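J.: Sequence below, structure please.
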Amino acid sequence: MDSQAYLSGVVEQTATFADWVDGADGSARVPTCPEWTLTELVDHVGSTQREIAKLVGERMMDPGPAFASYTPGPTDPAAWRDWLNESAAAAQRAFASVTEQTPVWDPSGGDAGVQFWSRRLFGEACVHRADAASALGTTYELQPEYAVGAIEDWLDTMTSQGYWEHRPGFADAMRGNGETLHFHATDATGEWVARREQDRVALERTHLKADVAVRGPAADLLLVLSRRRPLAEAPQLEVHGDRALLDLWIDHMDWVTG
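T.: Numbers count the residues shown, from 1 in each chain. I've put the predicted structure just below:
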């Protein structure tokens with residue numbers, strides 16, 4: 001997917017999210033982000049989209065002014081739907097004003113810029129819609145191709161050099177001696193191998209025999225990898241190999257979960 005395709009997905013996923021939360025109880029807890037209320041989840045989704053719209057639209061190499069522009073979302077849940085949809089629309093307009101090669105700051109350490117942020121907003125929209133579903137008791141579904149895109153975002157971000165350098169606890173836990181984890185979506189094209197090394201987690205898009213392998217529907221794989229669903233509640237996923245290695249991995253996939 002290119003940046004415009006990702007942003008179309010952001011608009012689509014946000015619209016569904018916005019319909020779900022429209023007029024809902026803002027004090028409701030979000031089980032998948034236990035420190036957050038629904039109000040805080042809505043605020044996070046919309047404000048993040050607006051901050052990244054500013055960062056990308058103004059082609060910033062210093063993120064400070066974009067993040068300093070944060071303003072909270074509406075306190076009235078009846079205003080959430082319009083505010084969220086405008087947040088996504090603002091992001092789409094910002095990305096339409098740049099190219100894939102436009103220099104923009106990003107935290108990955110790889111100078112991915114526009115491509116990083118388009119995929120990041122897409123992954124955010126898909127995963128945080130699952131958070132809304134958990135808070136509202138709504139069934140969560142995600143088309144396999146979208147789930148693969150969100151898995152790609154999650155794994156690539158979590159294995160980036162920037163994440164390793166700025167999350168020392170994660171780095172300490174993930175240092176290894178070549179242990180491998182294989183993740184395989186069975187209903188869409190998507191395979192990843194994460195290799196634990198001393199100075200990074202290397203990510204490859206390939207198929208090989210790994211120390212532990214997890215395979216199954218892409219949406220279930222996304223929810224388990226992002227800690228939105230316990231592995232025990234995803235019976236369609238098959239696990240082969242070193243379960244303790246998989247548990248260690250999942251235990252440290254705690255980014256943006258409140």
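J.: how many other residues sit next to residue 168?
T.: 9 (other C-beta atoms under 10 Å). (Glycine included, C-beta is placed from N, CA and C.)
J.: Quick check: it vs residue 157, distance?
T.: In this view, residue 168 and residue 157 are 17 Å apart by C-beta to C-beta, to the nearest Å.
J.: now swap in residue 209 and tell me
T.: 26 Å.
J.: residue ranges for the helices of this protein, please.
T.: 3-21, 38-57, 64-68, 80-96, 113-136, 144-158, 161-166, 168-174, 218-225, 243-251 (DSSP state H).
J.: Check the average confidence over the longest one, would you?
T.: Just to be clear, that refers to helix 113-136. Averaged over helix 113-136, pLDDT sits at 97.
J.: try the first one
T.: Per-residue pLDDT values over helix 3-21 give a mean of 97.
J.: which residues sit against that helix?
T.: Contacts with helix 3-21, where a contact means C-beta atoms under 8 Å, 6 or more residues apart in numbering, come from 1, 38, 41-42, 45, 49, 77, 80-82, 84-85, 87-89, 91-92, 95-96, 100, 114-115, 118-119, 121-122, 125-126, 128-129, 132-133, 136, 138, 146, 149.
J.: got the angle between it and helix 113-136?
T.: 20 degrees (axes from the mean of the first three to the mean of the last three C-alpha atoms, to 10 degrees).
J.: Find the nearest non-adjacent residue to residue 236, please.
T.: In space, and not counting its chain neighbours, residue 236 is closest to residue 216: 4.7 Å by C-beta to C-beta, 6 or more residues apart in numbering.
J.: ok, the one you found - how many residues close by?
T.: If we define neighbours as other C-beta under 10 Å, then residue 216 has 19 of them.
J.: in the sheet, who's paired with it?
T.: residue 185 (DSSP bridges).
J.: list the contacts for it?
T.: 184-186, 234, 236-238.
J.: Pull out the buried members of these.
T.: Among the contacts of residue 216, the ones that count as buried by 16 or more other C-beta atoms under 10 Å are 184-186, 234, 237.
J.: And these, which two are furthest apart?
T.: 184 and 234 (13.9 Å; C-beta to C-beta).
J.: For the closest residue to residue 58 other than its chain neighbours, give me the pLDDT.
T.: The shortest distance from residue 58 to any non-neighbouring residue, by C-beta to C-beta, 6+ apart, is to residue 66 (7.5 Å). Looking at residue 66, its pLDDT is 95.
J.: go on, residue 242?
T.: 98.
J.: my guess is it contacts residue 212, does it?
T.: Yes. If you go by C-beta atoms under 8 Å, residue 242 and residue 212 touch, sitting 4.4 Å apart.
J.: who has more neighbours, these two?
T.: Applying other C-beta under 10 Å to residue 242 and residue 212 shows that residue 212 carries more neighbours, namely 20 against 16.
J.: Contacts only, for the closest residue in space to that one that isn't next to it in sequence.
T.: Of all residues not flanking residue 212 in the chain, residue 241 sits nearest, at 3.7 Å (C-beta to C-beta, 6+ apart). Taking C-beta under 8 Å, 6+ apart as the criterion, residue 241 is in contact with 210-213.
J.: Out of the helices of the chain, the one nearest residue 190 is which?
T.: helix 144-158 (3.8 Å).
J.: tell me the angle the closest one makes with helix 113-136.
T.: Using the same axes, to 10 degrees: helix 144-158 against helix 113-136 is 110 degrees.
J.: Mind checking the pLDDT average for helix 144-158?
T.: pLDDT averaged over helix 144-158 gives 97.
J.: related to what we said a few turns ago, want to throw the buried ones among the contacts of residue 216 into CSV with distance to residue 12 and pLDDT?
T.: CSV is the format used below for those (distance: C-beta to C-beta, whole Å; pLDDT from 0 to 100):
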residue, distance to residue 12, pLDDT
184, 26, 98
185, 20, 98
186, 24, 98
234, 24, 97
237, 26, 98
